Each structure stands twice: as structure tokens, then as C-alpha cells.
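A.B. asks: Can you look at this prediction? I've put the sequence above it.
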Amino acid sequence: MESGASLIPRRCFTLTYGSLGGHAGLGSGGYGSFRGYELKISGGGTWELAYTDTSRHSLATGNLNTSAVNWHTLQLKFSQGTVTASVDGAVVSTQSWIASTLPSGMGALLSGFSSVQFDNFSISKNPT
């Protein structure tokens with residue numbers, strides 16, 4: 001995934017947690033070693049924007065307006081040195097993109113070992 005791209009699962013709901021990942025890759029530990037940006041919603045009604053390189057770094061957190069068991073729209077946008085996270089159409093955080101640590105990668109859908117549903121996932125290049 002390159003800079004200037006958006007990842008959007010149009011809808012997501014979960015009882016535990018569901019996440020949208022960007023600039024994602026795997027470390028040497030396989031699937032348990034996710035590296036990249038993550039916009040996570042939890043069943044408790046919170047969201048978090050984080051990135052993981054050799055350890056996890058929380059960049060911003062907040063509360064959802066409704067329970068995570070309802071459908072939510074998540075978006076990560078990478079453009080011009082920033083990563084922008086949106087929940088239900090509202091920008092919840094804009095952070096400087098840590099490109100030196102996470103220069104490129106894939107899109108990802110992440111979850112715990114529980115029922116999570118994603119719908120209408122897309123990756124698109126932003127217009128320049």
C-alpha cells in the first residue's frame with residue numbers, strides 16, 4: 001500500500017474488537033507480529049489509533065457514539081505525511097506518518113478470536 005491511499009471497510013461490528021490496518025506487514029513472528037497502523041474499535045465502545053513497529057504505540061483514543069455491536073464505518077487515509085483516522089464519517093485523529101518506521105505495506109482486517117463482521121472493504125488511491 002502506498003502513501004496517498006485510503007482503506008475503508010464500509011461497515012464493521014464486534015463484541016470484542018475489530019480493526020482496520022494500513023501500511024501493514026508481518027514481523028519475524030508471523031501472524032502474531034503485526035506491524036503497521038491500526039484503527040481499532042472495541043466492544044466496550046471505544047476506538048484507538050495505534051502503530052506497531054517493534055512495540056505498540058497508542059496515538060489517540062476516544063469513545064464511540066454507540067456500542068461497537070452496531071455497524072460502524074472505519075477509514076484510514078495516508079496522504080502527504082499524515083495518517084487520518086475516521087469513525088462513522090467523522091475524523092477522530094490526524095497524526096504525522098512515521099514513514100521511516102513503516103514505509104509501505106498492505107491493508108489489513110484484524111480481530112480477536114471472536115465474531116467480527118466486515119462489509120464493503122475497499123482500498124483506493126487518493127487523487128493527487
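C.D. replies: Okay, I see it.
A.B. asks: Can you get me a residue count around Thr94?
C.D. replies: The tally of other residues near Thr94 (other Cβ atoms under 10 Å) stands at 15. All C-beta spots, glycine's among them, are computed from the backbone N, C-alpha and C.
A.B. asks: To clarify, my last question referred to Gln117.
C.D. replies: 12.
A.B. asks: shaky segments in this protein?
C.D. replies: Applying pLDDT under 70 to the chain picks out residues 1-16, 26-32, 67-69, 99-104, 113-114, 126-128.
A.B. asks: And stretch 80-96, end to end?
C.D. replies: For stretch 80-96, the first and last residues are 9 Å from each other (Cα to Cα, to the nearest Å).
A.B. asks: Any buried residues in that stretch, and which?
C.D. replies: Buried positions in stretch 80-96, judged by neighbour count with 16 or more other Cβ atoms under 10 Å: Val83, Thr84, Ala85, Ser86, Val87, Asp88, Val92, Ser93.
A.B. asks: for stretch 34-44, same thing?
C.D. replies: Under 16+ other Cβ under 10 Å, the buried positions of stretch 34-44 are Phe34, Arg35, Gly36, Tyr37, Glu38, Leu39, Lys40, Ile41, Ser42, Gly43.
A.B. asks: These: which two are farthest apart?
C.D. replies: Arg35 and Gly43 (24.5 Å; Cβ to Cβ).
A.B. asks: Name the nearest residue to Gly81, ignoring sequence neighbours.
C.D. replies: Trp97 (5.2 Å; Cβ to Cβ, 6 or more residues apart in numbering).
A.B. asks: can you check Gly25 too?
C.D. replies: The nearest residue in space to Gly25 (Cβ to Cβ, 6+ apart) is Gly105, at 4.5 Å.
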